[in-house]
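**Student:** Quick one, fold the following:
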Amino acid sequence: MSPHLLRNDVATLIQRLRGGDRWSLARLLTLASSPDLHSELIAELSRVDSSTSPDDETPVFAVTGSAGAGKSTLLSRLASRFAEQGEYVGVLACDPQSPFSGGAVLGDRCRIVGGTKSLQTSHRVFVRSLSTESGKQGVAANLAVMLRMMKTFGFDRIFIETVGSGQGDVAVRELADCVVLVVQPQTGDALQWEKAGVFEIADLIVVNKSDLAGVDQTVAEIQAQTTVKNGVSVPIAKVSAAQDTGILELCETIKRMQNLIDRAGKEGHDDGAIGNRLSAISSSSSSPTGRAIMSASPRHTDAVLQQIADYVCDSTDFSDEAWTTARLCLLDSLGCGLLALNYPQCGKLLGPVVPGATLSPGARVPGTSFELDPVTAAFNIGCIIRWLDYNDTWLAAEWGHPSDNFGGILAVADYRSRLGRSVTIHDVLRAAIQAYEIQGVLALDNSFNRVGLDHVLLVRVATTAVTTKLLGGSREHVINALSNAWIDGGALRTYRHAPNTGSRKSWAAGDATRRGVQLALWSLTGEMGYATALTAEHWGFEDVLFAGRAVQITRPLDDYVMENILFKVAFPAEFHAQTAAEAAMVLHPKIGDRWDEIDRIRIETQESAMRIINKTGRLNNPADRDHCLQYIVATALLHGRLDSDHYEQVAADDPRIDKLRGCMQVVEHPQYTADYLDPEKRSIANSVQLFFNDGSHSERVEIEYPLGHRRRREEALPLLREKFCNNIATRFDSQRAASLETLFANPSIDDLPVNEFIDKFVDR
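**Tutor:** Numbers count the residues shown, from 1 in each chain. A predicted model of the protein is given here:
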């Protein structure tokens with residue numbers, strides 16, 4: 001979907017606005033011209049800006065003065081200078097309203113942008129002209145909401161230019177942090193200055209056209225007659241916008257004033273605080289540059305990148321339930337990985353990419369003797385965890401398996417631990433909680449599968465973020481690495497669907513978590529990032545790969561996903577089919593010898609299952625079969641159980657499976673779909689019912705929540721531990737398996753160094 005198709009979608013536009021998207025800013029400012037939309041705009045702005053600190057607000061400078069004083073020309077010079085210094089400048093220019101069209105008569109936008117001479121810096125300047133009715137005291141009626149949008153966009157500074165009505169130009173004081181009054185020599189207004197309200201609200205006076213005669217007399221008259229604020233005179237600057245003289249000095253004065261605004265805000269002063277400090281501005285004849293006084297201007301970095309970086313760099317603790325569940329996820333993931341080693345198709349992909357290319361000390365791969373660089377180790381670990389589609393799951397608008405991130409997390413943690421760094425299982429669990437949260441929250445409302453992209457791109461994003469931090473990276477390192485993760489784009493889902501379903505779906509997550517580690521390591525070398533990797537017009541991720549939609553984080557990043565993760569406890573099956581398999585197992589003993597009498601089988605399911613695992617026709621391999629709802633139900637009906645071997649060719653050759661598949665009717669149940677998407681329920685319901693040739697039928701078995709759901713967690717815990725024991729018993733003797741089971745029952749496991757922990761799982 002192109003941006004023009006989203007032209008009135010306020011929520012999406014404001015999300016893109018936070019990422020620095022100029023097109024969205026322009027469209028929102030246009031929408032703000034309609035008073036009927038103000039309530040909706042303000043409500044959505046309040047929602048997305050709720051996490052913004054007041055200290056981070058962009059300072060606003062109002063430029064006012066009589067018509068003809070040269071405000072627009074002066075602003076074009078200032079905007080150009082600030083842009084040359086790497087800043088982003090926003091200008092809202094209030095023009096008189098045309099009595100015919102209602103538009104802005106003077107077109108200040110053209111004059112100001114036209115004065116921004118360099119094409120290399122003009123993209124840093126954004127100007128919008130606003131039509132202003134007479135009698136509105138020099139400012140447009142919709143200026144307040146527009147100003148809020150400009151602040152959300154994230155400019156380094158914002159200027160408001162008033163109409164220039166002279167003494168009536170005082171309303172802008174309520175909207176600006178600082179009022180800059182522009183006058184010119186020999187205006188004939190000397191007798192009016194004492195009673196001019198605009199002089200009383202000015203924080204800085206600029207005498208423009210200083211190349212004209214009489215400028216010094218004008219300055220002297222202003223000094224004699226302007227209001228003294230708290231014992232000091234309002235500072236006065238002499239410039240010539242036309243001749244481009246005095247502009248740099250004026251920029252430095254504005255920067256110093258901005259510094260005072262920032263300090264006043266942090267100290268909790270009201271508007272009068274600026275007046276209390278004017279002497280610091282007027283007395284600084286040889287002040288340092290603005291960059292020496294203030295921190296460097298923030299880059300226009302995509303909001304999603306900043307939110308994720310802030311989250312992984314935060315030291316906030318998590319709930320006891322999250323920590324407990326994270327330990328279970330680690331236990332279950334390692335058990336799934338060890339079981340996968342029994343399958344040759346998985347084993348052939350493991351080890352170094354180039355035979356013999358080992359690293360010592362390197363990261364170890366559980367269940368093997370491999371010692372590898374952390375990038376290759378991440379692929380190995382991620383591959384075995386995911387191979388059998390038996391690891392934990394997350395279902396939302398997008399699907400996925402957050403435990404895939406353990407590939408990168410364990411590889412990096414083990415590698416650093418073997419280098420002598422202090423890395424413990426507690427660090428692994430923290431990284432896991434954060435990786436699960438990043439992947440899962442991004443999946444809540446962003447459906448990548450609908451544009452043909454595979455969910456493993458979220459594994460790459462989450463692994464990149466947490467492993468950059470695990471490696472000792474800063475917030476900037478995390479943002480740089482993350483931006484490259486998004487720029488990588490995404491794998492196509494074609495390997496999950498007919499006619500191309502194949503084993504890549506079993507190693508794609510390992511590949512994604514491997515790439516995350518690689519990007520993290522590159523970032524730590526100082527490799528640059530890309531501030532608008534998602535939102536850049538035409539070339540960013542959203543426009544190129546996400547149909548013009550905004551990638552959104554719609555809830556605070558905390559530990560929600562870990563607390564609500566779904567475990568595959570009793571059988572390896574695609575998670576949308578878990579309750580269907582369980583229902584089929586309930587029906588298995590009730591069929592007796594009536595297999596040949598079955599006329600049809602009705603399966604009711606959710607929309608997501610209809611879209612991804614509703615398959616008819618030939619199934620080519622195990623990867624095809626474990627993502628087929630009909631195959632899973634048929635197998636569970638026949639055997640009363642379901643394990644990984646049931647997807648192999650020997651089991652698939654049973655003619656009864658395809659016969660049962662052929663009489664299945666799969667339909668969507670609307671309530672199942674609604675409850676699936678309900679964040680308070682997150683159910684994955686299915687029902688199965690058999691109908692026989694004689695007109696009789698079985699009971700309709702409906703199961704709403706799968707065994708691994710949070711609502712059935714206590715019921716599942718013994719079975720989850722049993723699953724782990726059974727899995728590790730396929731690789732280790734009984735004594736070693738018992739010691740590993742005891743390891744996870746020990747409360748002190750969190751303090752164990754990662755290398756010591758991994759050594760307990762390697763092939764001796």
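
**Student:** bridging residues for Arg364?
**Tutor:** Glu371 (DSSP bridges).

**Student:** neighbours of it, just the number please.
**Tutor:** Residues lying near Arg364 (other CB atoms under 10 Å) number 26. C-beta here means a position set from N, CA and C on the backbone, and glycine is covered the same way.

**Student:** I'd say it and Ile758 touch.
**Tutor:** Yes. With contact defined as CB atoms under 8 Å, Arg364 reaches Ile758; the gap is 5.0 Å.

**Student:** what residues do those two have in common as contacts?
**Tutor:** Residues touching both Arg364 and Ile758 (CB atoms under 8 Å, 6 or more residues apart in numbering): Asp414.

**Student:** For Ala43, give its distance to Thr730.
**Tutor:** Separation of Ala43 from Thr730 (CB to CB, to the nearest Å) stands at 56 Å.

**Student:** again, but for Ala435
**Tutor:** 27 Å.

**Student:** swap in Ile247?
**Tutor:** Ile247 sits 76 Å away from Thr730, going by CB to CB.

**Student:** And these two? Which one has more around it.
**Tutor:** Legend: neighbour count by other CB under 10 Å for Ile247 and Thr730, higher for Ile247 (18 against 14).

**Student:** List the contacts of the more buried one.
**Tutor:** Ile247 sits next to Arg77, Leu78, Arg81, Val239, Ala241 when contact means CB under 8 Å, 6+ apart.

**Student:** If we use 6 Å, what do you get?
**Tutor:** Counting by CB atoms under 6 Å, 6 or more residues apart in numbering, Ile247 touches Arg77, Arg81, Val239.

**Student:** Tell me if I'm right that Ile409 and Arg430 touch.
**Tutor:** No. Ile409 is beyond contact range of Arg430, at 9.6 Å (criterion: CB atoms under 6 Å).

**Student:** out of the two, which sits in the more crowded spot?
**Tutor:** Ranked by neighbour count (other CB under 10 Å), Ile409 and Arg430 place Ile409 first, with 32 against 23.

**Student:** Could you measure from that one over to Asp203?
**Tutor:** To Asp203, Ile409 is 53 Å away according to CB to CB.

**Student:** do Ile384 as well
**Tutor:** Shown here: Ile384 relative to Asp203, a distance of 66 Å by CB to CB.

**Student:** neighbour count winner among those two?
**Tutor:** Neighbours per residue, other CB under 10 Å: of Ile384 and Asp203, the larger number sits with Ile384, 31 against 24.

**Student:** Leaving aside the residues adjacent along the chain, what's closest to the more buried one?
**Tutor:** Gly337 (3.7 Å; CB to CB, 6 or more residues apart in numbering).

**Student:** what helix or strand is that neighbour on?
**Tutor:** Applying DSSP states H and E as the criterion places Gly337 in helix 320-340.

**Student:** Okay, now the unreliable bits of the stretch 451-600 of the chain?
**Tutor:** By pLDDT under 70, the stretch 451-600 of the chain contains no weakly predicted segment.

**Student:** make it 90
**Tutor:** Along the stretch 451-600 of the chain, the parts satisfying pLDDT under 90 run over 498, 537, 548-550, 552, 554-556, 569-575, 592.

**Student:** ranges for the helices of it?
**Tutor:** Along the stretch 451-600 of the chain, the stretches classed as helices by DSSP state H, counting those that start in this stretch are 456-470, 475-487, 504-524, 541-545, 560-563, 578-591.

**Student:** quick one: which of those is nearest Phe744?
**Tutor:** Phe744 sits nearest to helix 560-563 of all the helices of the stretch 451-600 of the chain, at 16.6 Å, using CB to CB.

**Student:** returning to that earlier point: which residues belonging to the helix holding Gly337 are considered buried?
**Tutor:** By 16 or more other CB atoms under 10 Å, the buried positions in helix 320-340 come out as 322-323, 325-340.

**Student:** next one: stretch 627-644
**Tutor:** Neighbour count says stretch 627-644 has 627-638, 642-644 buried, by 16+ other CB under 10 Å.

**Student:** Quickly note the distance from Arg475 to Arg493.
**Tutor:** Distance from Arg475 to Arg493, counting by CB to CB: 33 Å.

**Student:** Just want to know which of the two has more residues nearby.
**Tutor:** Neighbours were counted for Arg475 and for Arg493 using other CB under 10 Å; Arg493 has more, 20 against 15.

**Student:** ok, that one touching Leu457?
**Tutor:** No. With contact defined as CB under 6 Å, Arg493 does not count as touching Leu457 (10.5 Å).

**Student:** And the next helix or strand past the helix or strand bottoming out on mean pLDDT in the chain?
**Tutor:** Least confident helix or strand of the chain, by mean pLDDT, DSSP states H and E, is helix 290-293 with a mean of 26. The helix or strand immediately downstream of helix 290-293 is helix 303-313, counting by DSSP H and E.

**Student:** For that next one, output the C-alpha coordinates as CSV.
**Tutor:** Taking Å, rounded to 0.1, in the frame of the first residue of the first chain, the C-alpha atoms of helix 303-313 are listed here in CSV:
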residue,chain,number,x,y,z
ALA,A,303,10.8,5.6,17.0
VAL,A,304,10.9,1.8,16.8
LEU,A,305,14.7,1.7,16.9
GLN,A,306,14.8,4.0,19.9
GLN,A,307,12.1,2.2,21.8
ILE,A,308,13.8,-1.1,21.5
ALA,A,309,17.2,0.3,22.3
ASP,A,310,15.9,2.1,25.4
TYR,A,311,14.3,-1.2,26.5
VAL,A,312,17.3,-3.4,26.2
CYS,A,313,19.6,-0.8,27.8
